[in-house]
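In: curious how this folds, go ahead:
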Amino acid sequence: MLSEKKYMYNDMVKKIWRFVRPVENVKLVVLGHQKSGTTAVAVLLSKAIGLNVSIDPLFHVDQGKAKEVEKLINNPKSIRWLCLRYPNLFGCEIVKDPDLIFVYKQIRSHYRNASYLFIVRDPRSTIRSICNRLGLDGDAQNYCPEVSEMEGGNNHWELILSGNLPKQGLKVDRSDFIYNLASRWKLAAEIYLKNSDKMTLLRYEDFLLEKEKSIKSIALELEFECKNSITEYVDVQYQPKGDAQLDALSFFGKENLKIIEDVCAKSMKVFGYDFLL
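Out: The predicted model follows:
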């Protein structure tokens, strides 16, 4: 009887502690650039290992107004405040948000007990998918669209395309969103490469070849047990699908394709992406 009461007491203490410090709940943080397949992988992983997932919490706190993400990028320590104020978003068992890669050092210090997964996708496919998502022409030159010129755009996307998210560590051209996106992909890749011993890597292209097998393999590498089948979920479209009918050269044109390949060249080689030019 005493042991049962002690168990109940300890269980209650754990629940209270997790409420007071929701950061203790987080077991996995999924990182990577926008439109790199992070949502699909995070959702399938959550279903396979039986953990709850929070998708893009920085977007959901203000629905794309980007005030909170700007605050976080400028003051990474504010992640503690976000976690306390929005425990269901930032204290979930799996937290997936591409923007968190740019404050990785502080995020790792905050989510100390979590594992980290970085998802990389060919920068040409990543940028094309962003263009498709926002209704932008890939061959546009010396152009940086405002929110009103995007399909379903918002302040968050405007900050990304203009090179203002993040501002530090990012070499940008205020009049060229293709260059800015390439620089942003490069920065995210470099942050991973500098911390590759602390993160697990998944190439999106490898995931697409055998989705279910890839999820099982990555779960095992992260030391999670696969408890559930995900067969019925692997072909669900978790984000608006891009149009990949045109090859990269036709979509971007030679000049923009050269910009992407030149800016991202070093990291592309490391990740095994071939060059077209």
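
In: which residues does the closest residue to Arg124 other than its chain neighbours contact?
Out: Sequence neighbours aside, Ala248 is the residue nearest to Arg124 in space, at 4.5 Å (criterion: C-beta to C-beta, 6 or more residues apart in numbering). Quick note: C-beta positions are derived from backbone N, CA and C, even for glycine. Shown in contact with Ala248 (C-beta atoms under 8 Å, 6 or more residues apart in numbering): 124-125, 128, 257, 276.

In: distance-wise, check Ala248 relative to Leu277.
Out: Using C-beta to C-beta, to the nearest Å, one obtains 10 Å as the distance from Ala248 to Leu277.

In: overlap in contacts of those two?
Out: Listed as contacting both Ala248 and Leu277 by C-beta under 8 Å, 6+ apart are Leu257.

In: roughly how far out does the host helix or strand of Glu205 sit from the chain middle?
Out: In the assignment (DSSP states H and E), Glu205 maps to helix 204-209. Relative to the centre of its chain, helix 204-209 is centred 16 Å away, using C-alpha atoms, centre = their mean, to the nearest Å.

In: next secondary structure after that helix?
Out: Proceeding N to C from helix 204-209, the next assigned helix or strand is helix 211-221, under DSSP H and E.

In: how far away from the center of its chain is that following helix?
Out: The chain centroid and the centroid of helix 211-221 are separated by 18 Å, computed with C-alpha atoms, centre = their mean.

In: same question, stretch 121-139
Out: When distances are taken as C-alpha atoms, centre = their mean, stretch 121-139 is centred 16 Å away from the chain's centroid.

In: before we move on, what about stretch 103-120?
Out: For stretch 103-120, the distance to the chain centre is 11 Å (C-alpha atoms, centre = their mean).

In: what's the span of that stretch, first residue to last?
Out: When the termini of stretch 103-120 are compared using C-alpha to C-alpha, to the nearest Å, they are 17 Å apart.
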